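[1] Starting from these lines, generate the structure:
(2 chains)
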Amino acid sequence: MNPPQVSRLTPAVRDPGPGPGTPTSPPKIDVQQLSFFYGATRALQEITLQIHPNVVTAFIGPSGCGKSTFLRTLNRMNDIIPGTRVDGRALIDGEDIYASGVDVVQLRRRVGMVFQKSNPFPKSIFENVAYGLRINAMARNRSELAGRVEESLKQAALWTEVKDRLHTSALSLSGGQQQRLCIARALAIKPDVLLMDEPASALDPIATQRIEELVYSLKSSYTVVIVTHNMQQAARVSDRTAFFWLGRLIEYDRTDRIFTAPAEKLTEDYVTGRFG
Amino acid sequence: MTRDAGRRFVSAVFVIACGLAVLLALVPLAFVLFFVVSQGVQALNIGFFTQMPRPVGETGGGMLNALVGTLVLTGLAAAMAIPIGVISGVYMSEYKGTRLATATRFAADTLNGVPSIVIGIFAYAVAVLPFRQFSAMAGGLALGVMMIPIIARTTEELLLLVPGALREGALALGATRARAVFTVILPAALPGIITGVVLALARVAGETAPLLFTAFNNRFLSTDLRQPIASMTVQIFTYAISPYEDWHRQAWAGALVLVTFVLVCSLVTRVVTARVQRLRG
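    Predicted structure coming up:
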């Protein structure tokens, strides 16, 4: 197979604008010319895109294309990897998150994250959800804490399954339940943005379906960004899709257009399964 | 066919050789246990645990002072070594690769290999000579210095085993680095760290050399930290080299109690860690 060729350097971004049916609103996340380096290697090349509130935005692309790296620049999770560097700007609600003086801890409270592999703490189900509330002192008393935990578990569609065993170990849950627990844990501190890094890639089809339904229901209150290597999943859950390839943003558009009438040959080859 | 038979013969010889090596390795342990148990049981009774030593010539009596002394000494050592050891372990795993962490690891490994008598001399120089007084404090210091590197290295290794995903999970919820370490990473490694601490305690509880000229010995029941204090090991040593039959028996009983203590420690940690592992699914 011949390596796919990029027709031009600037991505085919037909700015999809705000979500369907929502009034015009400023972008939640506005990334301008963002590059990311692991040592001398440039993993992301001058990414520019705008993510709108209350829509689900999917990042797709082959393994190693930079979609997860890009997601992790949005809550500065890459900061903990030594030898990395960011160029360019990433604005959330108009403020550059890479400006000096930005409190990373505050940023991560507003930009929650769910990881590819569920990572519940080795504590009880209750304590997992309460963790963020406790460390951020977000509940004044026990009953408020319990209320917030219940609310988050309900939002993550896990409450009915665990309400009778809140104080048993989170590690006794099934894989899909553990991932929903991690979502509940992220929702508990009421972030504005929820970043999800292949949240269903390690789950069976039924658990995956539950996560997808959950993602769909979350967009009314959150800005959801989801990385996936499963194109059907992107098509099912997202309103906007960004296609990444070799560290570049190739195309960003409404999901239906990406999958039915992409502007780029490369995008078409990828979504039709010709490579990747 | 003949080649196959030859191969089977070599294999059988090798299996037998391995079995013999295992037997040889186990023989000394079996003998030690056999002698300690068979000799120790004879002198072991309730009085051994509840009574003080009798004057020379009188039979009976016990080692209450030494039992209490060993508890005091190991307690002092633990109070000193657990915080220092755990916190240096955290440093070595969190800042691995830095010069100070590498130096600390090297120092811990070196200290671990220092003969215990040398550690006794160190404690003698810093905690006995200046006060011109043998004391429980000095003994506790010597044992504590022996425990620190064991605990520090165990903590470090167990913390490095905690999956990075847990740290990321905590940081993504707005935890600071210190918060993540003390509320998620350290608790995740806790069962293993406790095992390490208990094994370190069992190890120093059986030490004699560092106590000979620090805690010294005491014929009386004492809990005064500024005074010399008895210990099981030094008592066993004193009794074993004495010319009295009855003291020999008591020394065997003391040895049995020590061996049992070490055995119980490893069993308890095994059961506890297995249970914790099960709880975590």
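[2] Give me the distance between the closest residue to residue A:124 other than its chain neighbours and chain B.
    Nearest residue to residue A:124, sequence neighbours excluded (CB to CB, 6 or more residues apart in numbering or on different chains): residue A:167, at 4.7 Å. Where C-beta positions appear, they are placed from N, C-alpha and C, glycine not excepted. According to CB to the nearest CB, to the nearest Å, residue A:167 and chain B sit 12 Å apart.
[3] Touching, residue A:188 and residue A:149? I think so.
    Yes. Contact criterion CB atoms under 8 Å: residue A:188 and residue A:149 qualify, at 6.7 Å.
[4] list residues touching both of those two?
    A:129-130, A:133 (CB atoms under 8 Å, 6 or more residues apart in numbering or on different chains).
[5] any idea which of the residues you listed has the most stuff around it?
    Most neighbours among the shared contacts of residue A:188 and residue A:149, by other CB atoms under 10 Å in any protein chain shown: residue A:129, with 32 neighbours.
[6] and after the strand or helix carrying that residue, which helix or strand comes next?
    Secondary-structure assignment from DSSP states H and E places residue A:129 in helix A:125-135. As assigned by DSSP H and E, the chain's next helix or strand after helix A:125-135 is helix A:142-155.
[7] one step back: list the contacts for the residue nearest to residue A:124?
    So residue A:167 contacts A:124-126 (CB under 8 Å, 6+ apart).
[8] returning to what we had before: tell me the mean pLDDT for the helix holding residue A:129?
    The pLDDT scores in helix A:125-135 average 94.
[9] Repeat that for stretch A:64-76.
    93.
[10] Please work out which residues outside it touch it.
    By CB under 8 Å, 6+ apart, stretch A:64-76 touches A:29, A:31, A:34, A:36, A:43-44, A:47, A:59-61, A:78, A:86, A:90, A:92, A:97-98, A:104, A:107-108, A:111-113, A:116, A:193, A:195, A:197-198, A:225, A:227, A:242, A:244-248, B:172.
[11] For residue B:205, give its distance to chain A.
    The value you get for residue B:205 to chain A, if CB to the nearest CB is used, is 30 Å.
[12] for residue B:96, helix, strand, or coil?
    coil (DSSP: H, G, I helix; E, B strand; the rest coil).
[13] wait, isn't it in contact with residue B:159?
    No. Counting by CB under 8 Å, residue B:96 does not reach residue B:159; the two are 9.5 Å apart.
[14] what comes into contact with the helix holding residue A:129?
    So helix A:125-135 is contacted by A:109, A:120-121, A:123, A:138-139, A:145-146, A:148-149, A:152-153, A:162, A:165-170, A:173, A:181-182, A:184-186, A:188-189, B:170, B:173-175, B:179, B:183-184 (CB under 8 Å, 6+ apart).
[15] Off-centre distance for that helix?
    21 Å (CA atoms, centre = their mean, to the nearest Å).
[16] Check which helix or strand residue A:85 maps to.
    With DSSP H and E as criterion, residue A:85 is part of strand A:84-92.
[17] what residues does that strand touch?
    Counting by CB under 8 Å, 6+ apart, A:28-39, A:46-47, A:73-74, A:78, A:96-98, A:107, A:110-111, A:192-193 sit against strand A:84-92.
[18] Likewise for stretch A:186-196?
    A:28-29, A:53, A:71-72, A:74-75, A:92-93, A:109-114, A:129-130, A:132-133, A:136, A:138, A:148-149, A:152, A:155-156, A:183, A:215, A:218, A:222-227, B:172-174.
[19] Just the buried ones among the contacts of residue A:167, please.
    A:124-126 (16 or more other CB atoms under 10 Å in any protein chain shown).
[20] Quick check: of those residues, which lies closest to chain B?
    Using CB to the nearest CB, residue A:124 comes nearest to chain B of the buried ones among the contacts of residue A:167, at 10.1 Å.
[21] Quick check: residue B:40 vs chain A, distance?
    41 Å.
[22] That residue - nearest residue in space that isn't next to it in sequence?
    residue B:256 (2.8 Å).
[23] you'd agree that neighbour is in a helix?
    Yes. Per three-state DSSP, residue B:256 lies within a helix segment.
[24] And for it, the neighbour number?
    Residue B:256 has 22 neighbouring residues, counting by other CB under 10 Å.
[25] quick one, what contacts it?
    So residue B:256 contacts B:36-37, B:39-41, B:44 (CB under 8 Å, 6+ apart).
[26] neighbour-wise, which of those residues leads?
    residue B:40 (22 neighbours).
[27] what helix or strand is that one on?
    Counting by DSSP H and E, residue B:40 is part of helix B:2-43.
[28] Equivalent analysis for residue B:91, please.
    Per DSSP H and E: helix B:64-94 holds residue B:91.
[29] What's the first helix or strand after that helix?
    Helix B:64-94 is succeeded, C-terminally, by helix B:99-113 (DSSP H and E).
[30] Check the offset of that following helix from the chain's centre.
    For helix B:99-113, the distance to the chain centre is 20 Å (CA atoms, centre = their mean).
[31] for the very next helix or strand once past it, packing partners?
    Sequence-wise, the next helix or strand downstream of helix B:99-113 (DSSP H and E) is helix B:116-123. Packing contacts for helix B:116-123, counted by 3 or more CB pairs under 8 Å, 6 or more residues apart in numbering or on different chains; DSSP states H and E, involve helix B:136-161, helix B:209-212.
[32] Which one, of the ones you listed, ends up nearest to residue B:30?
    Closest to residue B:30 of the helices and strands packed on helix B:116-123, according to CB to CB: helix B:209-212, at 26.0 Å.
[33] How about residues contacting the closest one?
    With CB under 8 Å, 6+ apart as the criterion, helix B:209-212 contacts B:73, B:115-117, B:119-120, B:123, B:139, B:142-143, B:146, B:231, B:233-234, B:237.
[34] circling back: so of the contacts of stretch A:64-76, which ones are in helices?
    The members of those that map onto helices under DSSP state H are A:104, A:107-108, B:172.
[35] who wins for most neighbours among the residues you listed?
    Ranking those using other CB under 10 Å puts residue B:172 first, with 27 neighbours.
[36] for it, what are its contacts?
    So residue B:172 contacts A:75, A:77, A:108, A:112-113, A:115, A:186 (CB under 8 Å, 6+ apart).
[37] Can you report how many residues neighbour residue B:270?
    With other CB under 10 Å as criterion, residue B:270 counts 11.
[38] measure it to chain A for me?
    For residue B:270 relative to chain A (CB to the nearest CB), the value is 19 Å.
[39] cool, and residue B:169?
    4 Å.
[40] what packs against the helix holding residue B:91?
    helix B:46-50, helix B:99-113, helix B:136-161, helix B:186-205, helix B:232-240.
[41] Name the nearest residue to residue B:149, sequence neighbours excluded.
    residue B:108 (3.9 Å).
[42] wait, doesn't the one you found sit right on residue B:88?
    Yes. Residue B:108 is within contact range of residue B:88, at 7.4 Å (criterion: CB under 8 Å).
[43] residues in contact with stretch B:143-154?
    B:73-74, B:76-82, B:84-86, B:88-89, B:92, B:104-105, B:107-109, B:111-112, B:116, B:119, B:122-123, B:192-193, B:195-197, B:199-201, B:203-204, B:207, B:210-211.
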